[in-house]
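A.B. asks: Pasting the sequence and the predicted coordinates here, then a few questions.
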Amino acid sequence: MDSPQTQKTEGIEYPISFPIKVIGHSTPQFEEDVLKILRKHAPDVDDHEVTTSMSNNKTYVSLTCTFCAESLGHLETIYAELKASPSVSIVL
């Protein structure tokens, strides 16, 4: 039986260290916008856990951020808010 702090969903046991990749246009505001949304729901996002990669033509940037996902609902909330952001093109 799972404890109140541990949940299993589709073979994933929560909480879990979870990487999320967010892609958007390379603007000075993009990283700040993404981190603001993530930290609203997952305050444990650390700058050292964020990797940045530019597209070949430097039009797009991807951020991979690792945080502690508490549940499937927690992940769905984060994905939904990131997808709703005008500065975000893709969330993986």
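C.D. replies: Received, thanks.

A.B. asks: tell me, how many neighbours does the residue lying closest to residue 35 once chain neighbours are set aside end up with?
C.D. replies: By the measure of Cβ to Cβ, 6 or more residues apart in numbering, the closest residue to residue 35 outside its immediate chain neighbours is residue 45, 6.5 Å from it. All C-beta spots, glycine's among them, are computed from the backbone N, C-alpha and C. Around residue 45 there are 20 other residues, counting by other Cβ atoms under 10 Å.

A.B. asks: could you pull out the helices for the chain?
C.D. replies: Secondary structure of the chain, counting by DSSP state H: helices at 30-41, 72-84.

A.B. asks: Okay, now the unreliable bits of the protein?
C.D. replies: Counting by pLDDT under 70, the chain contains low-confidence residues at 1-10.

A.B. asks: Verify the stated contact: residue 50 with residue 63.
C.D. replies: Yes: using Cβ atoms under 8 Å, residue 50 is in contact with residue 63, at 5.9 Å.

A.B. asks: Quick check: neighbours shared by those two?
C.D. replies: In the contact map built from Cβ atoms under 8 Å, 6 or more residues apart in numbering, the residues linked to both residue 50 and residue 63 are 31, 35.

A.B. asks: Tell me if I'm right that residue 18 and residue 74 touch.
C.D. replies: No: look at residue 18 against residue 74 with Cβ under 8 Å: they stay out of range, at 9.1 Å.

A.B. asks: Tell me who's in contact with the spatially most central residue of the chain.
C.D. replies: The residue at the geometric middle of the chain, judged as the C-alpha nearest the mean C-alpha position with Cα atoms, centre = their mean, is residue 20 (4.0 Å). For residue 20, the contacting residues are 38, 64, 65, 66, 67, 78, 79, 82, 91, 92, by Cβ under 8 Å, 6+ apart.
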